[in-house]
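S.K.: sequence plus the predicted model coming up.
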Amino acid sequence: MKYKRIQIQEILDFLGSKVYGIDGEVNDVFIDNLAEVERVNETTLDWINPSKSNKQEVAKNSKARVLLVDDSVAPIEDKLLIHVKNPKVTLAEVGNHFFVEQPQANIHPTVVIDPEATIGMGVSIGAYCVIGKAVIGDGCVIDSNVRVYDNTVMGKGCVIKAGAVLGGAGFGYERDADGNKFRFPQIGQLIMGDYVEVGANTCIDRGALADTEIGDYTKINNLCHIAHNNKIGRNVTITGCVNISGSNVIDDDVWIAPNSSLRGWVHIGKKATVGMGAVVVKNIPEGETWVGNPAHKLEKR
């Protein structure tokens, strides 16, 4: 557990208008940790889930003195209640601002960067990375041993974890007159939006004749493979060990669970869910959940 003494007034100043109200004494009150339920103590910044039916009782029984709560929790003696719209989101914002060490802009001396690359302001690149003729947006953080190929365009605030390979040639072949395979030209780009995260040892191929595209705020976990020409929307979640073959269209806010596979040339509608281990060979309509091999709609009972 990380400890850092923070005065409540500092937190209130940081949150600003996100705080709807305060019940209790603020002066000289501090917190010094964030913790899971089992380890909450008097100086923890705790939060109460608004979905709980007994949240008033949960708040009263918390060992913490300072609590993030919604508007429906009434004042409690000897506790400081900070009323916000979404206590968990607010806890995350406070944690990231006060407890998480932010990487400093730095390019490690072992990094190899093509002279035609464009590197934005405030970028951090770890040891033994190789950056081709790429565009790296402002504030990106690239961990060690990452390979970024030519024709990769990365928006601002992206996070790339160790060992990822971005913009490599896709796996596309044709046969000549003798039936022997030869490579189909892979001359498209990999275009990533803002605040995309790519997990460790994940590979994302550039397009063949079209581009591979990944929308803003999409998060991709470790050990995934995304082939050429995929069009992936905004706020998509791709969890660990997912395989996405070429030329799929994945709309905004889709959730793809671990170890699942997409065949290629399928369309996943907005806010759909692909279940764990599913093998998707057909289009999935908006908002539906599909599971199994081959994947089929999960009917609610």
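M.R.: Good, I have the coordinates. Residues are numbered from 1 along each chain as shown.
S.K.: any idea how far Tyr195 is from the spatially most central residue of the chain?
M.R.: Closest residue to the average C-alpha location of the chain: Lys219 at 3.3 Å, with C-alpha atoms, centre = their mean. According to C-beta to C-beta, to the nearest Å, Lys219 stands 9 Å off from Tyr195. Using the backbone N, CA and C atoms, a C-beta is placed for each residue, glycine as well.
S.K.: from memory the residue nearest to the centre of the chain sits against Ile238, does it?
M.R.: Yes. Using C-beta atoms under 8 Å, Lys219 is in contact with Ile238, at 7.1 Å.
S.K.: what's the mean pLDDT across the lengthiest helix in the chain?
M.R.: As assigned by DSSP state H, the longest helix anywhere in the chain is helix 87-98. Mean per-residue pLDDT for helix 87-98: 97.
S.K.: the helices in the chain, which residues?
M.R.: Under the criterion DSSP H, helices of the chain are mapped to 8-15, 55-61, 87-98.
S.K.: excluding its own residues, what touches the longest one? List them.
M.R.: Outside of helix 87-98, the residues that reach it under the criterion C-beta atoms under 8 Å, 6 or more residues apart in numbering are 4, 6, 10-11, 14-15, 18, 34, 45, 47-50, 68-70, 82, 84.
S.K.: buried subset of the residues you listed, written for PyMOL?
M.R.: This is how PyMOL selects the buried members of the contacts of helix 87-98, with burial counted by 16 or more other C-beta atoms under 10 Å:
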select buried, resi 6+11+15+34+45+47+48+50+68+69+70+82+84
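S.K.: now, the contacts of helix 87-98 that are in strands?
M.R.: Ile6, Leu45, Trp47, Leu68, Val69, Ile82, Val84 (DSSP state E).
S.K.: just to revisit the earlier point, and the angle for the longest helix of the chain with helix 8-15?
M.R.: Put simply, helix 87-98 runs at 100 degrees to helix 8-15, going by axes from the mean of the first three to the mean of the last three C-alpha atoms, to 10 degrees.
S.K.: which positions in helix 87-98 come out as buried?
M.R.: Within helix 87-98, the residues scored as buried using 16+ other C-beta under 10 Å are Pro87, Thr90, Leu91, Glu93, Val94, Phe98.
S.K.: and what of stretch 280-291?
M.R.: Val280, Ile284, Thr289, Trp290, Val291.
S.K.: for the record, mean pLDDT for that stretch?
M.R.: If you average the pLDDT values across stretch 280-291, you get 98.
S.K.: sorry, back to before: mind putting the ones in strands among the contacts of helix 87-98 in TSV, pLDDT and distance to Gly172 included?
M.R.: Shown next, in TSV, are these (pLDDT from 0 to 100; distance: C-beta to C-beta, whole Å):
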residue	pLDDT	distance to Gly172
Ile6	98	53
Leu45	98	51
Trp47	98	49
Leu68	98	50
Val69	98	54
Ile82	98	54
Val84	98	50
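S.K.: which members of these are the farthest-apart pair?
M.R.: Ile6 and Val69 (18.5 Å; C-beta to C-beta).
S.K.: in contact with Ile226, which residues?
M.R.: By C-beta under 8 Å, 6+ apart, the contact list for Ile226 reads Thr202, Cys203, Ile204, Asp205, Thr212, Ile214, Ile220, Ile232, Ile238, Ile244.
S.K.: ok, so of the residues you listed, who is nearest Asp251?
M.R.: The closest of the contacts of Ile226 to Asp251 turns out to be Ile232 (C-beta to C-beta; 8.8 Å).
S.K.: give me the neighbour count for that closest one.
M.R.: Here the number of neighbours of Ile232 (other C-beta atoms under 10 Å) works out to 26.
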